[in-house]
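**Q** coords below, sequence missing:
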């Protein structure tokens with residue numbers, strides 16, 4: 001409604017309504033008659049304003065622009081509606097049209113008026129809506145009415161933003177017919193109805209969430225319902241907070257399309273979780289082997305030492321505490337081996353020198369034993 005208020009205060013509109021009122025008086029137009037819009041004077045009066053208003057309609061998407069006489073209801077100006085131009089809205093053939101309703105409502109209240117969609121005779125019964133703004137002279141007296149015509153396509157473009165709505169999501173308007181209380185579309189619907197769900201079309205019986213939207217009012221709400229095709233849909237609804245209209249905004253999307261991304265995320269999480277479990281299990285196996293295998297080797301080494309296999313050695317590639325332990329165990333084995341050699345050598349020497357022997361024989365046995373064991377011990381050290 002801000003659009004029409006700004007336009008109503010513009011210099012061109014103020015100037016045009018003054019000139020049209022003056023033309024109406026100069027033409028001596030009867031209050032119940034028609035305004036002469038076929039004269040040369042009328043054409044010269046309006047032709048300079050037409051391009052500006054055409055640019056305005058193209059920029060904002062309105063279908064037509066009217067200027068009405070405040071006193072008698074003459075249609076003094078229209079860009080394209082030649083059927084109604086010049087007629088009288090109080091007693092002419094279009095006195096029951098939506099445009100006539102706009103004139104009566106503004107003149108009766110002195111305020112901006114919005115006329116809901118209804119079949120419009122001058123456009124062959126097409127669904128049409130109007131928004132009307134009173135015009136005032138320099139003394140604040142109403143001297144005309146500015147009216148903009150709204151088409152179903154304009155409302156649909158405003159409402160049906162499909163961004164983020166997927167393949168089945170759509171927003172649309174419904175309204176309650178004041179005459180019979182039926183629920184009718186107030187914007188065209190594209191995802192259902194095969195072209196039938198357009199402004200003015202009524203679904204009987206009304207859908208459950210339509211009734212719930214009207215019942216909830218400005219509080220709005222959301223829930224899961226079945227649409228007219230029996231498909232489960234997620235629906236949100238709210239009343240349009242605009243004066244003069246009883247409209248409700250409905251936004252819906254198939255439930256399957258809503259939950260499909262969530263299911264996909266769950267599937268990806270399950271796969272990732274399985275991979276993580278497998279990686280953790282493999283890491284646990286390798287870590288366990290890295291810890292237990294050196295311990296097992298150490299146990300085997302200790303068992304071999306206990307059996308007297310003093311030449312056994314423990315080889316571990318680790319350079320950590322387990323590697324240091326292996327070096328300590330190898331040193332221990334070498335010490336035990338040396339102690340065992342000394343003990344066994346002493347016992348063997350006693351055996352060699354036992355008995356009644358001559359001095360020369362005793363010396364020969366000692367030297368022979370000593371050299372043999374020294375070389376053997378040196379070889380063992382070399383090998384170790």
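**A** Here it is on my side, so go on. The structure displayed is predicted, hence computed values, not measured ones.

**Q** how is the protein partitioned into domains?
**A** Per the record, the chain has its domains at 2-150, 155-255, 308-383, by automatic domain parsing.

**Q** could you pull out the strands for this protein?
**A** With DSSP state E as the criterion, the chain has strands at 64-68, 75-78, 113-120, 126-136, 142-150, 170-176, 183-185, 221-226, 232-239, 247-254.

**Q** pLDDT on the second one, on average?
**A** Here the mean pLDDT over strand 75-78 is 96, rounded to a whole number.

**Q** in its sheet, what does it sit against?
**A** Strand 75-78 has the following strand partners under DSSP bridges: strand 64-68 (antiparallel).

**Q** between the partner strand and strand 126-136, how many degrees?
**A** Here the directions of strand 64-68 and strand 126-136 differ by 40 degrees (axes from the mean of the first three to the mean of the last three Cα atoms, to 10 degrees).

**Q** could you check the angle strand 64-68 makes with strand 142-150?
**A** In terms of direction (the same axes, to 10 degrees), strand 64-68 departs from strand 142-150 by 160 degrees.

**Q** where in the stretch 151-300 of the chain is pLDDT low?
**A** 161-164, 261, 263, 290-291, 293-295, 297-298 (pLDDT under 70).

**Q** swap in 80 and give it another go.
**A** The model of the stretch 151-300 of the chain has pLDDT under 80 over residues 160-167, 190-193, 228-229, 242-244, 258-264, 287-300.

**Q** counting neighbours, what do you get for the residue nearest to residue 168 when sequence neighbours are not counted?
**A** Closest residue to residue 168 apart from its sequence neighbours, by Cβ to Cβ, 6 or more residues apart in numbering: residue 254 at 4.0 Å. (C-beta placed from N, C-alpha, C; glycine too.) Neighbours of residue 254 under the rule other Cβ atoms under 10 Å: 19.

**Q** phi, psi of the nearest residue to residue 71 once chain neighbours are set aside?
**A** In space, and not counting its chain neighbours, residue 71 is closest to residue 31: 7.3 Å by Cβ to Cβ, 6+ apart. Backbone torsions of residue 31, given as degrees, to the nearest 10, read phi -60, psi -30.

**Q** cool, and residue 138?
**A** Backbone geometry at residue 138, expressed as degrees, to the nearest 10, gives phi -70, psi -10.

**Q** residue contacts, residue 219?
**A** Contact analysis of residue 219 by Cβ atoms under 8 Å, 6 or more residues apart in numbering lists residue 238.

**Q** now do it against residue 330, distance only.
**A** According to Cβ to Cβ, to the nearest Å, residue 219 and residue 330 sit 84 Å apart.

**Q** can you check residue 151 too?
**A** 97 Å.

**Q** thanks a lot, catch you later.
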